[in-house]
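Novice: coords please:
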Amino acid sequence: MRNAGVVARIAQLLATGRTYSCEFFPPKNEAGWLSLGRTIAELEPLRPDFVSVTYGAGGSTRTRTADLVSWVHRQTPIAPMAHLTCQGHTRAEVRAILTDYQAEGIENILALGGDPPADGDGKEHVVSEYRFSAELVDDVRAFGGFSVGVAAHPELHPRSPDKDTDRQHLAAKLEAADFAITQFFFDVEHYVAMVDDLAALGVTKPVVAGIMPISNLGQVTRMAHMSGAEVPDWVVAAMSKAGDDLDVAERIGVELATELCSRLIAAGVPGLHFYTLNRSWATRQIFANLNLPA
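Specialist: You can find the predicted model right below:
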């Protein structure tokens, strides 16, 4: 891997070679922050090219997301990317958020549609002035100063009526954005087919593959359902061999993810983005299995 501290914009990193990156979510309490600090310290020797920080439904983790992005920027040599959703935000709020990030020296934004806030969360919900994430991409681009990413769904966005509509929408977002990062998937064919579909539409922006090492089959199945992905029968069968042994389940999940990464690299993927769930072991094992340079 390269020295991520030299280049901060993800578009530039992708232009110089394959990237390897990680995703974290903002912890809810002090114990979670301490645990995440250990995770980042354990992953830092791998020299990830960038890390991303998620944004809660309706902007519910707005402050904690900004705090974590700022901490990574100030305390590590790793380039951070802040998730930003259009759910629950006015355009003025988005401009204020971008102004704060720019003042902090943050140079990467992942512009997302996002999920609406949960009912009964006790907070006043703001009606969004955005209908689609493409509108947020346009506003971030117009603001200037950021490398802009978007989400891609190899197995189609859960609200897409059909494949053609999904791909045309993604192509339109990528015309304005610099790159995309996929939701997790398990069959390399889904990724390759999506990239081919985009190429047929004249879009060749880099699409980074999102990787989810499985440790808890039930949890991943629920997440897959929400994102429009499928957990194939062969994945369920492999994970079922672990029974109730969590250590064995983690090892099987790492083996499956390693094989997927190997096939993606062979297919020419421009980057691998690991959904860490704020833990380091699986990502470190996959790096070791693939003999990736640290």
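
Novice: can you pull the buried residues of stretch 82-98?
Specialist: 82, 83, 84, 85, 86, 87, 88, 89, 94, 97, 98 (16 or more other C-beta atoms under 10 Å). Heads up, the C-betas are built off the backbone N, CA and C, glycines and all.

Novice: Rounded mean pLDDT for it, please.
Specialist: If you average the pLDDT over stretch 82-98, you get 91.

Novice: Can you tell me what sits against that stretch?
Specialist: 52-55, 57-59, 62, 65-66, 69, 101, 106, 108-117, 125-130, 132-133, 135-136, 139-140, 143, 146 (C-beta atoms under 8 Å, 6 or more residues apart in numbering).

Novice: Got a PyMOL select line for the buried ones in these?
Specialist: Entered in PyMOL, the line below selects the buried ones among these, by 16+ other C-beta under 10 Å:
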select buried, resi 52+53+54+55+58+59+62+65+66+69+101+106+108+109+110+111+112+113+114+117+128+129+130+133+135+136+139+140+143+146
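
Novice: Inside strands: which ones of the contacts of stretch 82-98?
Specialist: Taking DSSP state E as the definition of strands, these contribute 52, 53, 108, 109, 110, 111, 112.

Novice: If we only consider these, which is nearest to residue 260?
Specialist: residue 52 (19.3 Å; C-beta to C-beta).

Novice: Residue 22 touches residue 274, doesn't it?
Specialist: Yes - in this structure, residue 22 is within contact of residue 274 by C-beta atoms under 8 Å, at 4.9 Å.

Novice: what's the burial count for residue 22?
Specialist: Residue 22: 23 surrounding residues under other C-beta atoms under 10 Å.

Novice: List the beta-bridge partners for it.
Specialist: Beta-bridge pairing of residue 22 under DSSP bridges involves residue 51, residue 274.

Novice: Please shift the residue numbers so they start at 57 in all later answers.
Specialist: All right, first residue 57 from here; so that's residue 78.

Novice: Might you report the residue contacts of it?
Specialist: Residues counted as contacts of residue 78 (C-beta under 8 Å, 6+ apart) are 99, 104, 107, 108, 329, 330, 332, 339.

Novice: Let me know the pLDDT of it.
Specialist: pLDDT, residue 78: 97.

Novice: That one and residue 244: what is the separation?
Specialist: Distance, residue 78 to residue 244, using C-beta to C-beta, to the nearest Å: 20 Å.

Novice: Give me the pLDDT for residue 173.
Specialist: 63.

Novice: so where do the strands sit in the stretch 157-306 of the chain?
Specialist: Using DSSP state E, counting those that start in this stretch, the strands assigned to the stretch 157-306 of the chain run over residues 164-168, 203-208, 235-238, 263-267.

Novice: Can you pull out the low-pLDDT segments for the stretch 157-306 of the chain?
Specialist: 172-182 (pLDDT under 70).

Novice: All the helices of it, in order from the start?
Specialist: Ranges of helices within the stretch 157-306 of the chain are 189-199, 219-232, 244-256, 273-283, 289-296, 302-322, based on DSSP state H, counting those that start in this stretch.
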